[in-house]
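1. any chance you could fold what I've pasted below:
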Amino acid sequence: MTLQELENQILALLPTEKAAIIQSLTQTINIGAEGITTTPGICGGKAYIAGTSIATWLLVEARRLGITEVQILQDYPHIGAADLVNAWIHGDAYPEEIEAAIRANEVA
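-> Reported below is the predicted structural model:
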């Protein structure tokens, strides 16, 4: 099966099936970064880039606001491109968690 054939099959799935695939891939992927973690007392208990205190929701929101990956990496020089990829994957796998964190931050 080619990558294009696989992509077409995935796109034909129901949203819940796509989410299950994303969650499975998120749990197995490691793109050379330490990954995403959650620790009580760090980032309000929300998911963050391991080894930092940068919440994934913050990066996802920055991206939505039009801040480029290059600018994010300049603003946070202690993270790398792989960390951003992991944040995007996490955001795609857990959209409700990300939305709740963004809303909570807006209220704060």
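
2. now do the contacts for residue 22.
-> 89, 92, 93 (Cβ atoms under 8 Å, 6 or more residues apart in numbering). (C-beta placed from N, C-alpha, C; glycine too.)

3. and residue 36, what is it in contact with?
-> Residues in contact with residue 36 (Cβ under 8 Å, 6+ apart) are 47, 48, 49, 50, 56, 86, 87, 90.

4. pretty sure the fourth one is touching residue 37, no?
-> The one in question is residue 50. Yes - counting by Cβ atoms under 8 Å, residue 50 touches residue 37, with 4.4 Å between them.

5. output the contacts of residue 36 in a markdown table, with secondary structure appended to each entry.
-> Formatted as a markdown table, the contacts of residue 36 follow (DSSP: H, G, I helix; E, B strand; the rest coil):
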| residue | secondary structure |
| --- | --- |
| 47 | coil |
| 48 | strand |
| 49 | strand |
| 50 | coil |
| 56 | helix |
| 86 | helix |
| 87 | helix |
| 90 | helix |
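
6. quick check: what element follows the least confident helix or strand in the chain by mean pLDDT along the chain?
-> Least confident element among the helices and strands of the chain, by mean pLDDT, DSSP states H and E: helix 15-28 (a mean of 73). Next helix or strand after helix 15-28 toward the C-terminus (DSSP states H and E): strand 36-37.
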